[in-house]
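Asks: below are the sequence and a predicted model for it; my questions follow.
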Amino acid sequence: MTVDGSSIDSSKPSIARVYDYLLGGKDNYAVDRKIGDVFRRDLPGSVAIAFANRAALTRAVEEIVTTTGVRQFIDLGSGLPTADNVHQVAQRHAPESRVVYVDTDPQVLVHGRALLEENEWTRVVPVDVRNPEAIRTHPDTLELIDFDRPVAVVFSAILHHVNDEEDPAGIVRYWRDRVPSGSYFFVSHFRSGNNPETAEAEKVLQQTFGRGRWRTDEEIESLLDGLEILEPGIVPAPLWRPGTVEGPWSGSGKLELTVWERLIAAGLARKA
């Protein structure tokens, strides 16, 4: 890994750093906070998206490592390290778990060095998620991941940054075809809300980063074609296997989600 702090461009916003800011992190710049503040100021409540997504990812990793024999994870578009990263959750329950993080953001790669120094069972691969072959054949991936054994492939809040013409379904299909039976796929994805709030959020991201595609639940399901989508299916992230539920409850006993909490969907699938 040859990336250092001098390669970080603090004049342009970064998806990873904006997400870090929304989660309360410190690894961001004024340009990132400017975008983050659009969500905080103009779209009140939207910060819940980041927390709902992170919580669902944590639950999914814990579910996999405590109920299956899978001990290998590839986290695609991993973003900046925060509390309860994939390796921390997995190794809390199974210390032998191995995790390959994949990202191209220079600041993510700088932090990756720290992960490598403190944990022998993690690697950070600096390859674009749209180039899965380069990820799979990267020396650091091959050093850590045994593709003859089941793997958990994580697409946490990354496929909605892949435009239709870049074939997000093809990316998932690539991994599906190259991992053995018993492998798992976690996906979280912005879902179409058909309301002014979510349309405005999509517009902000598209104008800022030049990409971003909200998809319906059916479109998200189609990304997992050929895999068995496990219960409860593709649902708003706070409703995906909640261990403890926080927030207001309706009189019927069902969790009342905000429009923002419904914007991010999550699902877990298995290769039979």
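Replies: Received the coordinates, thanks. Residues are numbered from 1 along each chain as shown.
Asks: among the helices and strands of this protein, which one scores worst on average pLDDT?
Replies: helix 106-118 (a mean of 70; mean pLDDT, DSSP states H and E).
Asks: and the next helix or strand past that helix?
Replies: Sequence order places strand 122-125 as the next helix or strand after helix 106-118, per DSSP states H and E.
Asks: which helices and strands sit right next to that following strand?
Replies: Packing partners of strand 122-125 (3 or more C-beta pairs under 8 Å, 6 or more residues apart in numbering; DSSP states H and E): strand 98-102, helix 106-118, helix 139-144. Placement of C-beta: from N, CA and C, glycine included.
Asks: tell me the most buried of these?
Replies: Neighbour counts (mean count of other C-beta atoms under 10 Å) averaged over each of the helices and strands packed on strand 122-125 peak at strand 98-102, with a mean of 27.
Asks: what's it packed up against?
Replies: strand 72-76, helix 86-93, helix 106-118, strand 122-125, helix 139-144.
Asks: distance to Val235 added to the ones you listed, as JSON lines?
Replies: Formatted as JSON lines, the helices and strands packed on strand 98-102 follow (distance: least, C-beta to C-beta, whole Å):
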{"stretch": "strand 72-76", "distance to Val235": "21"}
{"stretch": "helix 86-93", "distance to Val235": "21"}
{"stretch": "helix 106-118", "distance to Val235": "28"}
{"stretch": "strand 122-125", "distance to Val235": "30"}
{"stretch": "helix 139-144", "distance to Val235": "31"}
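Asks: closest one to Val204 among these?
Replies: With C-beta to C-beta as the criterion, Val204 lies closest to helix 106-118 of the helices and strands packed on strand 98-102, at 21.1 Å.
Asks: quick one: low-confidence parts of the stretch 51-200 of the chain?
Replies: Residues of the stretch 51-200 of the chain that meet the criterion pLDDT under 70 lie in 80-83, 108, 111-113, 115-116.
Asks: can you pull out the helices in the protein?
Replies: Secondary structure of the chain (DSSP state H): helices located at 15-22, 30-37, 48-67, 86-93, 106-118, 132-136, 139-144, 168-178, 196-209, 217-223.
Asks: how about the spatially closest residue to Phe39 that is not a sequence neighbour, what does it touch?
Replies: Distance criterion C-beta to C-beta, 6 or more residues apart in numbering; nearest residue to Phe39, sequence neighbours excluded, is Ser46 at 4.4 Å. Residues near Ser46 by C-beta atoms under 8 Å, 6 or more residues apart in numbering: 39-40, 197, 201, 260, 263.
Asks: got the confidence number for Ser46?
Replies: Predicted confidence (pLDDT) for Ser46: 71.
Asks: do you know how far the closest residue to Lys34 other than its chain neighbours is from Val162?
Replies: Leaving aside its chain neighbours, Lys34 sits nearest to Pro13 (7.4 Å; criterion: C-beta to C-beta, 6+ apart). Taking C-beta to C-beta, to the nearest Å as the measure, Pro13 falls 18 Å from Val162.
Asks: from the centroid of this protein, which residue is nearest?
Replies: Centre of the chain computed as the mean C-alpha position; nearest residue by C-alpha atoms, centre = their mean is Ser156, 1.6 Å away.
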